[in-house]
Every structure is written in structure tokens, then in C-alpha cells.
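S.K.: only geometry, no sequence info:
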């Protein structure tokens with residue numbers, strides 16, 4: 001006996017619904033107790049926790065000086081300079097071989113979405129291609145050839161968008 005497509009979809013949906021229903025009936029999974037609660041951690045007694053690094057400071061020493069926040073625009077300029085510094089190597093490794101194989105389009109345009117941590121290290125990167133000037137082969141090469149970039153420590157996590165084009 002062979003099932004028709006609508007019948008197979010109905011049976012599959014019923015099986016999924018039954019699995020979800022039975023899974024939800026058991027309630028949330030048991031959570032292990034926090035070991036800090038048994039040890040008498042200050043945060044569980046309603047007392048404020050001491051600031052990080054307080055134990056290492058000698059009595060009378062003040063808190064470390066706060067780091068100067070770098071404006072987002074400056075982080076974007078630094079990231080753009082870092083990308084421009086890598087442009088010649090990216091042209092040689094990614095752009096020239098692609099143009100030799102397929103000459104059009106001549107220019108490829110991107111927007112890099114870069115996120116830096118407080119120390120200026122890149123923690124995330126995305127690439128948005130311009131539809132009118134798209135070359136998937138060049139994009140794939142950029143993803144592997146471009147190492148993480150760094151900027152002056154901004155003092156906080158910062159996300160910037162940086163336009164970039166080749167050649």
C-alpha cells in the first residue's frame with residue numbers, strides 16, 4: 001500500500017504534534033543547584049559582590065582609571081585603514097585570478113560588518129556584497145584570505161560598517 005502525499009503530510013504532522021505534546025508534559029528539566037549557594041557566596045546572601053580585582057588591590061588603592069572610550073567613527077576609520085593596508089595582497093590573491101577567469105564585473109563592492117571587543121580585537125565579521133558588483137569567487141577568497149584585524153582599544157564592544165571595494 002502506498003500513501004498519498006497529503007496523507008503522508010498529515011501523519012507526519014500528527015507524529016510531530018504528539019512528540020511535542022509528550023515532551024512538554026514532563027515540564028522543564030531539573031537544574032542542578034548552584035554550588036556557590038552551598039558555599040555561602042555573598043551574592044546569595046543578598047550582599048553586593050566586591051568589584052572585580054578588589055582582592056588584588058592594597059588597602060588605600062583606588063579603582064583602576066577608566067579606559068577612554070574611542071568614538072565609533074574613529075573605530076570605523078581605523079578599520080578602513082587596516083583593510084586598505086591589506087588591499088594589495090587581496091588584489092593579488094583574490095581579485096586578479098578571478099578577473100583572469102571572468103573579466104566582468106571589473107569592480108567588486110562590499111560592506112564589512114566588524115565587531116571589536118573592548119581591547120580592539122575583532123570578535124565578529126560579516127561581508128555584505130553589492131548585488132550590482134558581485135563576484136562570489138572573490139567573496140569566498142576574501143573570507144579565507146583576510147585575517148582578523150585590530151584597532152585601538154575602544155574601551156567597549158563596538159560594531160562598525162566599513163565600505164570596501166576591489167581593485
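M.R.: It's in. All of these numbers come straight from a predicted model, not from anything done at the bench.

S.K.: Is residue 163 within a helix or a strand, and which one?
M.R.: strand 158-166 (DSSP states H and E).

S.K.: List the residue ranges of the chain that fall below the pLDDT cut-off.
M.R.: 1, 23-68 (pLDDT under 70).

S.K.: By residue count, what's the longest helix in it?
M.R.: helix 5-25 (DSSP state H).

S.K.: got a list of what the residue nearest to the spatial centre of the chain touches?
M.R.: Central residue of the chain (C-alpha atoms, centre = their mean): residue 124, 3.2 Å from the mean position. By C-beta atoms under 8 Å, 6 or more residues apart in numbering, the contact list for residue 124 reads 113-115, 159. For glycine as for every other residue, the C-beta is placed from the backbone atoms N, C-alpha and C.

S.K.: Let's see that with 7 Å instead.
M.R.: residue 115 (C-beta atoms under 7 Å, 6 or more residues apart in numbering).

S.K.: Then the one 3 residues further on?
M.R.: Taking C-beta under 7 Å, 6+ apart, we find residue 127 in contact with 110, 112, 139, 142-143.

S.K.: Which of those residues fall in strands?
M.R.: Among those, the ones falling in strands (DSSP state E) are 110, 112.

S.K.: Need the contact partners of the helix or strand residue 98 falls within.
M.R.: Under the criterion of DSSP H and E, residue 98 resides in helix 96-101. Applying C-beta under 7 Å, 6+ apart, the contact partners of helix 96-101 are 135, 137-138.

S.K.: One more pass at 8 Å, please.
M.R.: The contact list for helix 96-101 (C-beta under 8 Å, 6+ apart) reads 106, 135, 137-138, 141.

S.K.: Which helix or which strand is home to the closest residue in space to residue 117 that isn't next to it in sequence?
M.R.: Leaving aside its chain neighbours, residue 117 sits nearest to residue 123 (5.0 Å; criterion: C-beta to C-beta, 6 or more residues apart in numbering). Per DSSP H and E, residue 123 falls inside strand 122-129.

S.K.: buried set for that strand?
M.R.: Neighbour-count burial for strand 122-129 flags 122, 129 (criterion: 16 or more other C-beta atoms under 10 Å).

S.K.: now the angle from that strand to strand 158-166?
M.R.: Taking axes from the mean of the first three to the mean of the last three C-alpha atoms, to 10 degrees, one finds strand 122-129 and strand 158-166 inclined to each other by 40 degrees.

S.K.: Parallel or antiparallel, which strands does strand 122-129 pair with?
M.R.: strand 108-116 (antiparallel) (DSSP bridges).
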